[in-house]
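A.B. asks: coords please:
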Amino acid sequence: MTQTVFENAIEADGLVKHYGEVQALDGLDLTVEAGTVFGLLGPNGAGKSTTVRILTTLSTPDSGSARVAGHDVQRDPLKVRRTIGVVGQKHGCDMEATGRENLVLQAELYGISGGRRRAQEQLERFDLADAADRQVKTYSGGMQRRLDVALGLIHRPQVLFLDEPTTGLDPEARALMWAEIERLAREEGMTILLTTHYLEEADRLASRLAIVDRGRIVARGTPDELKAELEGDAVQVELAGDDGGTAQIALERVAGLGDVLIDGRTLHARAANGAAAIPAVLAALESVGVRAASVTLARPSLDDVYLRHAGRAYEGAAA
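C.D. replies: Numbers count the residues shown, from 1 in each chain. Below you'll find the predicted structure:
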């Protein structure tokens with residue numbers, strides 16, 4: 001397949017999507033440079049999968065526009081489909097067929113000459129050759145996920161969409177999947193849009209990322225850039241009781257402490273010098289009769305970035 005080079009592989013402008021009374025996307029804008037791994041990070045229900053469905057022509061927006069590999073997703077859906085590979089959250093393979101049969105059929109659907117040879121290449125590439133002639137229902141979860149990726153790549157797409165590719169995988173299978181995504185980006189220069197709700201996954205794999213919350217992008221940049229915006233240390237206080245409001249007011253008065261937020265029984269704050277701030281934090285809580293169960297100190301993380309822009313902790317939002 002002849003590939004055209006584009007500066008931006010994906011462009012979306014003002015995407016809005018409703019499902020009944022639920023607003024899944026609220027004016028989402030997105031730009032993904034060609035040849036990059038772009039992470040779309042957010043909790044379940046943030047709008048990540050809806051965005052992918054629109055970009056892969058499986059759904060239409062209520063308003064807004066999008067282009068993938070230079071093609072408008074609404075005016076030229078067939079051209080878009082021929083330039084993309086998609087690995088969805090659910091398995092796209094036939095469980096009753098063998099791995100080889102799945103790949104050969106996929107090659108035939110794309111009109112690829114030498115489909116059996118291409119299928120064999122994919123089986124070897126994803127370490128599935130020994131299981132090629134077994135039914136997919138006998139594969140482990142990790143093997144099935146690797147087959148999903150092989151199916152998405154069999155026609156050598158320009159843009160690969162990976163929608164929550166490691167959900168449900170054990171740590172070993174997840175590590176293998178991460179290694180394959182890194183190899184695709186490094187050796188083939190493929191544009192990959194990765195949606196995930198795993199902070200560690202986005203931090204490791206994405207050269208750039210956008211944080212999605214309630215259908216809008218609330219922050220974007222490289223992982224390091226986003227974390228660098230948060231100066232100082234992250235201070236987290238787990239309270240022994242339900243007196244978070246009193247504790248928040250007390251901490252807002254502590255010199256050198258800022259961005260004080262309460263999330264259930266957890267208080268989050270930022271301090272220029274975390275080690276020096278902890279005694280003052282404990283003293284402030286004691287002065288208002290609030291007991292701390294624990295106090296932790298850490299360098300900025302993507303969880304802190306999400307907290308800053310969304311106003312609540314990522315872990316609670318993802319639940």
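
A.B. asks: Mark out where each domain of this structure begins and ends.
C.D. replies: Domain segmentation of the chain under automatic domain parsing yields 8-225, 231-299.

A.B. asks: tell me the most buried of those?
C.D. replies: Among the domains of the chain, the stretch with the highest mean neighbour count (mean count of other C-beta atoms under 10 Å) is domain 8-225, at a mean of 19. C-beta: built from backbone N, CA, C; applies to glycine.

A.B. asks: Quick check: mean pLDDT of that domain?
C.D. replies: Averaged across domain 8-225, pLDDT comes to 92.

A.B. asks: Check the separation of the first and last residues in it.
C.D. replies: 20 Å (C-alpha to C-alpha, to the nearest Å).

A.B. asks: returning to what we had before: save the domains of the chain as TSV, and put in distance to Val305 too.
C.D. replies: Shown next, in TSV, are those (distance: least, C-beta to C-beta, whole Å):
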stretch	distance to Val305
domain 8-225	6
domain 231-299	10
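
A.B. asks: Out of those domains, which gets nearest to His309?
C.D. replies: With respect to His309, and counting by C-beta to C-beta, the nearest of the domains of the chain is domain 8-225 at 4.0 Å.

A.B. asks: which residues does the closest residue to Gly221 other than its chain neighbours bridge with?
C.D. replies: With sequence-adjacent residues excluded and distances taken as C-beta to C-beta, 6 or more residues apart in numbering, Gly221 is closest to Arg208, at 6.7 Å. Arg208 has these beta-bridge partners by DSSP bridges: Phe38.

A.B. asks: Now do the contacts for Arg208.
C.D. replies: 32-33, 36, 38-39, 220-222 (C-beta atoms under 8 Å, 6 or more residues apart in numbering).

A.B. asks: Okay, and which of those map to helices?
C.D. replies: Secondary structure assignment by DSSP state H places none of those in helices.

A.B. asks: Confirm that Gly289 sits in a strand.
C.D. replies: No. Looking at Gly289 with DSSP: H, G, I helix; E, B strand; the rest coil, it is coil, so not inside a strand.
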